[in-house]
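**Q** give me a model of this one.
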Amino acid sequence: MTITTLAIALLLLALGAWMAIAFNRLVRLRNQVRTAWADVDVQLIRRHDLVPSLVSAVQAYAGHEKAVLATVTELRAQALAAPAPGKLGAIESALEQGIGRLLALQEAYPDLKASENFSQLQRDLVQVEEQLQYARRFYNGAVRDLNDAVQRVPDLFVARLAGFDNAEFFQADDSSRAAAKVELAR
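**A** The predicted structure is shown next:
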């Protein structure tokens, strides 16, 4: 075996090792994004499970606030049907605003404010919102890491060969960035 052949063999071996390492890193990052999305999904499901109970509790005291109740119920149904992070972000932002309006009804209805069931639902919802915020940040961090790796040279070549794509961030739409306006008409 000549020195040239040995050098070429070592170069090919080094290239193959680098490609394997790059591929494994991309797989790890892709799996981290999937795991992070599963965490967001779990928190969204918890939120969606609380919404019907919250609507029922409010309905008992404020039955004539049908527009708020119908909006929250409809947004929950839309959120359950939208699996893509980009589309779901806009719906979830609107649902969050609707839930805020629903919770604001307690000020207009003293009996609702005194209800232990409503108070517990409210505490549960606050806890879910905090966990959801953390899960969203973790997911978006994982997406950033994957997208960086997929776009960075020389990993870009392995990503293209292996079919790795950019992941989609979970983000709010422009209209949901403004503070929610709560108007209570009796």
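
**Q** what about the longest helix in the chain?
**A** Scanning the chain for the longest helix, with DSSP state H as the assignment, gives helix 3-61.

**Q** name the helix or strand of this structure that has the lowest mean pLDDT.
**A** One helix or strand of the chain scores below all others by mean pLDDT, DSSP states H and E: helix 110-114, with a mean of 71.

**Q** next structured bit after that helix?
**A** Of the helices and strands lying after helix 110-114 in sequence (DSSP states H and E), the nearest is helix 116-151.

**Q** just checking, what packs against that following helix?
**A** Counting by 3 or more Cβ pairs under 8 Å, 6 or more residues apart in numbering; DSSP states H and E, the packing neighbours recorded for helix 116-151 are helix 3-61, helix 85-108, helix 155-162. Glycine gets a C-beta too; all of them are placed from N, C-alpha and C.

**Q** give the contact list for the residue nearest to Leu112 when sequence neighbours are not counted.
**A** Across the structure, with Cβ to Cβ, 6 or more residues apart in numbering as the measure, the residue nearest Leu112 apart from its sequence neighbours is Tyr61 (3.9 Å). By Cβ atoms under 8 Å, 6 or more residues apart in numbering, the contact list for Tyr61 reads 105, 109, 111-112, 115, 118.

**Q** how about a cut-off of 7 Å?
**A** Contact partners of Tyr61, counting by Cβ atoms under 7 Å, 6 or more residues apart in numbering, are 109, 111-112.

**Q** repeat that for Asn147.
**A** With Cβ under 7 Å, 6+ apart as the criterion, the residues that contact Asn147 are 166-167.

**Q** how much space between it and Phe164?
**A** Asn147 is 10 Å from Phe164, where distance means Cβ to Cβ, to the nearest Å.

**Q** got it, and Glu130?
**A** Distance, Glu130 to Phe164, using Cβ to Cβ: 32 Å.

**Q** more neighbours: which of the two?
**A** Phe164 (21 against 11; other Cβ atoms under 10 Å).

**Q** assign the more buried one to helix, strand or coil.
**A** Assigned state for Phe164: coil (three-state reduction, DSSP: H, G, I helix; E, B strand; the rest coil).

**Q** got phi/psi on it?
**A** Backbone geometry at Phe164, expressed as degrees, to the nearest 10, gives phi -80, psi 130.

**Q** show me the contacts for it.
**A** By Cβ under 7 Å, 6+ apart, the contact set of Phe164 is 26, 30, 150.

**Q** how many residues are close by the last one?
**A** Other residues within reach of Val150, judged by other Cβ under 10 Å, total 20.

**Q** repeat that for the second one.
**A** Arg30: 19 surrounding residues under other Cβ under 10 Å.
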